[in-house]
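Asks: Below are the sequence and a predicted model; questions follow.
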Amino acid sequence: MSDFAGKVVVITGAGSGIGRALALNLAEKGARLALSDFDSVGLAETVRQVEALGAEVRSDHLDVTQREAVLQYAEAIAAHFGKVNQIYNNAGIAYHGEFEKSEFKDIEKIMDVDFWGVVNGTKAFLPHLVASGDGHVVNVSSLFGLLSMPGQSAYNSAKFAVRGFTESLRQEMLIAKHPVKVTCVHPGGIKTAIARNATAGPGEDLAVFAEFFDKKLARTTPEQAAKVIVNGVQKGRARVLIGADAKFLDAWVRLVGSGYQRVVAEIAGRVMPKGK
């Protein structure tokens, strides 16, 4: 049996991409799954696939931006399974647009889902993780939580915030000597529908940007990403980098410091799709 056998694992954003791949990976390892997503259709398909593997699963439609709903969800999951061991705060959305042209509402939406969704899930489940005696918080940031890109100011803000929040939380758990490990995940380009499902600012051609992301940037499959994440969780790592792109660029930014910004701006100005 694996280290995950019998553990109660909560995964948000489980209806597709990395979330679905995590559910399938952990189902094969004998975990008991609490899966949620805003996309009920995608979530139902994930449930069908994990049930085919014989996993015990509960699924719930959940909007991670609705704090009271998330708090109630945590209590419901703990009551249903009797405990909660791990939460993977994976739910997220993307947005592409220059800050100068973006609306406040577009930036707020990204922050609500990608940052506050992580905070809501962590806050709601943390008492149950502590009580389990064997807890783990896994928060999904991004390569864009390690370096910034033009056109990604909103997404960068959320993912840098997830990184800072998660690293601080890990230190607090160590100081308090709580039985809770904390891991921050930084995926590079993953072959998911996140770019195709993104929103875009005025003058941006989302279809062109999505095609650019899928063909030029997405190199790692969700299944590969899930395997790396689960391995990192099993080893209790503080930070998990996914993909050669994430590993290379993380090292490069730490080496050159703020000088990376001018280089990225020059390259992006040449190769990234131009707005209308």
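Replies: Done, it's in.
Asks: And the strands in the stretch 151-276 of the chain?
Replies: With DSSP state E, counting those that start in this stretch, the ranges of strands along the stretch 151-276 of the chain come out as 180-187, 199-200, 239-242.
Asks: Just the residues contacting the longest one, thanks.
Replies: For strand 180-187, the external contacting residues (C-beta atoms under 8 Å, 6 or more residues apart in numbering) are 18, 126, 129-130, 135-143, 145-146, 162-163, 166-167, 169-170, 173, 220, 225, 229, 232-233, 236-243, 246, 250. Placement of C-beta: from N, CA and C, glycine included.
Asks: and the lengthiest helix in the chain, what does it pack onto?
Replies: Taking DSSP state H as the assignment, the helix of the chain that covers the most residues is helix 153-176. Applying 3 or more C-beta pairs under 8 Å, 6 or more residues apart in numbering; DSSP states H and E, one finds that helix 153-176 makes contact with strand 95-96, helix 104-110, helix 117-132, strand 135-140, strand 180-187.
Asks: Put together JSON lines for those, with mean neighbour count and mean pLDDT on each row.
Replies: Below are the helices and strands packed on helix 153-176 laid out as JSON lines (neighbours: other C-beta atoms under 10 Å; pLDDT from 0 to 100):
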{"stretch": "strand 95-96", "mean neighbour count": "24", "mean pLDDT": "92"}
{"stretch": "helix 104-110", "mean neighbour count": "15", "mean pLDDT": "96"}
{"stretch": "helix 117-132", "mean neighbour count": "22", "mean pLDDT": "98"}
{"stretch": "strand 135-140", "mean neighbour count": "25", "mean pLDDT": "98"}
{"stretch": "strand 180-187", "mean neighbour count": "24", "mean pLDDT": "98"}
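Asks: Of all the ones you listed, which one is nearest Lys83?
Replies: Distances from Lys83 to each of those were compared by C-beta to C-beta, and the smallest falls on helix 117-132, at 4.9 Å.
Asks: Report all helices and strands that the closest one contacts.
Replies: Based on contacts counted as 3+ C-beta pairs under 8 Å, 6+ apart, the elements that helix 117-132 packs against are strand 8-11, helix 67-81, strand 86-89, strand 135-140, helix 153-176, strand 180-187.
Asks: For the stretch 1-150 of the chain, give me the ranges with low pLDDT.
Replies: The stretch 1-150 of the chain contains residues with pLDDT under 70 at 1-2.
Asks: sorry, that was for the stretch 151-276 of the chain
Replies: Along the stretch 151-276 of the chain, segments meeting pLDDT under 70 span 192-198, 200-202, 204-218, 272-276.
Asks: how about 80 then?
Replies: Segments of the stretch 151-276 of the chain classed as low confidence (criterion: pLDDT under 80) are 191-219, 271-276.
Asks: how far is the longest helix of the chain from where the chain is centred?
Replies: 12 Å (C-alpha atoms, centre = their mean, to the nearest Å).
Asks: now swap in stretch 261-269 and tell me
Replies: Chain-centre distance of stretch 261-269: 26 Å, with C-alpha atoms, centre = their mean.
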